[in-house]
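Novice: Test case, fold it:
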Amino acid sequence: MSSARLPILLLVTLFLALAGRAQAADTAFGKWAAVVIAGDWRGSGGGATEAFDNARHDVSAELVRLGFSPAKILQYSVRPERYAKDRPAKSDIKAIFEGLTKLTSGGPEGCLVYLTSHGAPQGVVVDQSILPPDILAAMLDRTCGTRPTIAVISACFSGVFVPDLSAPNRMVLTAARPDRTSFGCGESNRYPFFDECFLQSAPSAKNFASLAGQVRVCVAEREIKEGIRPPSEPQLFIGPQLRPVLPFYAFPARAPSP
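Specialist: Numbering: from 1, shown residues only. Below you'll find the predicted structure:
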């Protein structure tokens, strides 16, 4: 290769990189901050499971497809040393708050928090701790503030988060009622049922409101198919300020299959 062509190739490479960044920033979610958290590594039977970390990894990838910037997504895992390629941080309530604080200090246009783990009537498991609804609400108040905010909690009893997280600027989607368990977090599951439905439904959804509806239908159908009772009944809240603008945060159209 001649030395004369090298600067041209470097300029082309730089142009393509900058164009890719501009395209990401121009999407509906290109300037949003997001954290995706796997809060546990144990299955429902007490043994090890990859279900929560599989969901963390693949939900993060799906958010990128939906237009979120990879640079503005932070991932957290209880066992981060196992996932060198993803480079997640350690799942810890203080660390998550600090990460969200750093992300939102740059003035993002919106926030998304996705947490997949075991749950209890008191809150959701984050490593050796329980993250209660009022603490997560305070974290969002201090970081995301009045920005459009979407909180997705995939855990048993996760409906307990709805009252505390509900705000005019927020959408809250949970995997279960406050008095019900969710399913699919066993040692052999690839994902919890709710997370699997989120990933299956996202490609055909138009926005987060329609995605929430599709996820709820998907979970109900899966539980009927598996003969599971009582149903988990995922919960949904959309605040009055956010509801009319959610359609404008549209997902990119998926390319048709050849």
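
Novice: C-alpha from now on. contacts and neighbour counts both.
Specialist: Will do.

Novice: Is it correct that Phe237 falls within a strand?
Specialist: Yes: counting by DSSP: H, G, I helix; E, B strand; the rest coil, Phe237 falls inside a strand.

Novice: Now do the contacts for it.
Specialist: The contact partners of Phe237, by CA atoms under 8 Å, 6 or more residues apart in numbering, come to 162, 166, 170-173.

Novice: Strands along the stretch 101-250 of the chain, start to end?
Specialist: 110-116, 119-120, 123-126, 129-131, 149-154, 170-174, 235-238 (DSSP state E, counting those that start in this stretch).

Novice: In CSV: the ones you listed, plus mean pLDDT.
Specialist: Output for the strands of the stretch 101-250 of the chain, formatted as CSV (pLDDT from 0 to 100):
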stretch, mean pLDDT
strand 110-116, 98
strand 119-120, 97
strand 123-126, 98
strand 129-131, 98
strand 149-154, 98
strand 170-174, 98
strand 235-238, 98
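
Novice: For these, give me CSV that also has distance to Glu226.
Specialist: Conversion of the strands of the stretch 101-250 of the chain to CSV gives the following (distance: least, CA to CA, whole Å):
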stretch, distance to Glu226
strand 110-116, 21
strand 119-120, 21
strand 123-126, 25
strand 129-131, 29
strand 149-154, 19
strand 170-174, 20
strand 235-238, 20
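
Novice: Could you count how many residues lie near the nearest residue to Gln214 once chain neighbours are set aside?
Specialist: In this structure, Gln214 finds its nearest non-sequential neighbour in Ser201, 6.1 Å apart by CA to CA, 6 or more residues apart in numbering. Counted by other CA atoms under 10 Å, the residues lying close to Ser201 total 19.

Novice: same question, Ala55
Specialist: 27.

Novice: cool, and Leu140?
Specialist: By other CA under 10 Å, the residues close to Leu140 number 23.

Novice: could you list every residue that touches Leu211?
Specialist: 198, 201-202, 205.

Novice: let's go with 7 Å and repeat that
Specialist: The contact partners of Leu211, by CA atoms under 7 Å, 6 or more residues apart in numbering, come to 201-202, 205.

Novice: Pull the number of nearby residues for Ser105.
Specialist: Counted with other CA under 10 Å, residues neighbouring Ser105 total 12.

Novice: phi, psi of it?
Specialist: Dihedral pair for Ser105: phi -70, psi -20, per degrees, to the nearest 10.

Novice: one step back: which one of the strands of the stretch 101-250 of the chain lies nearest to Asp40?
Specialist: Among these, the nearest to Asp40 by CA to CA is strand 123-126 (6.3 Å).

Novice: From the contact counts, what lies against that closest one?
Specialist: With contacts taken as 3 or more CA pairs under 7 Å, 6 or more residues apart in numbering; DSSP states H and E, strand 123-126 sits against strand 129-131.

Novice: Quickly name whichever of the contacts of Phe237 is closest to Ala138.
Specialist: Distances from Ala138 to the contacts of Phe237, taken by CA to CA, are shortest for Ser166, at 11.7 Å.

Novice: what's that closest one sitting at in phi/psi?
Specialist: Torsion angles, degrees, to the nearest 10, at Ser166: phi -60, psi 130.

Novice: who's in contact with it?
Specialist: Contacts of Ser166 by CA under 7 Å, 6+ apart are 172, 237, 239.

Novice: Could you measure from it over to Asp58?
Specialist: Applying CA to CA, to the nearest Å, the value for Ser166 to Asp58 is 27 Å.

Novice: any idea which residue sits dead centre in this protein?
Specialist: Tyr114 (3.0 Å; CA atoms, centre = their mean).

Novice: Surely it and Ile37 touch.
Specialist: Yes: in this structure Tyr114 lies within contact range of Ile37 using CA atoms under 7 Å: 6.2 Å.

Novice: Which single one of the contacts of Ser166 is nearest to Glu50?
Specialist: The closest of those, once distances to Glu50 are taken by CA to CA, is Val172, at 25.1 Å.
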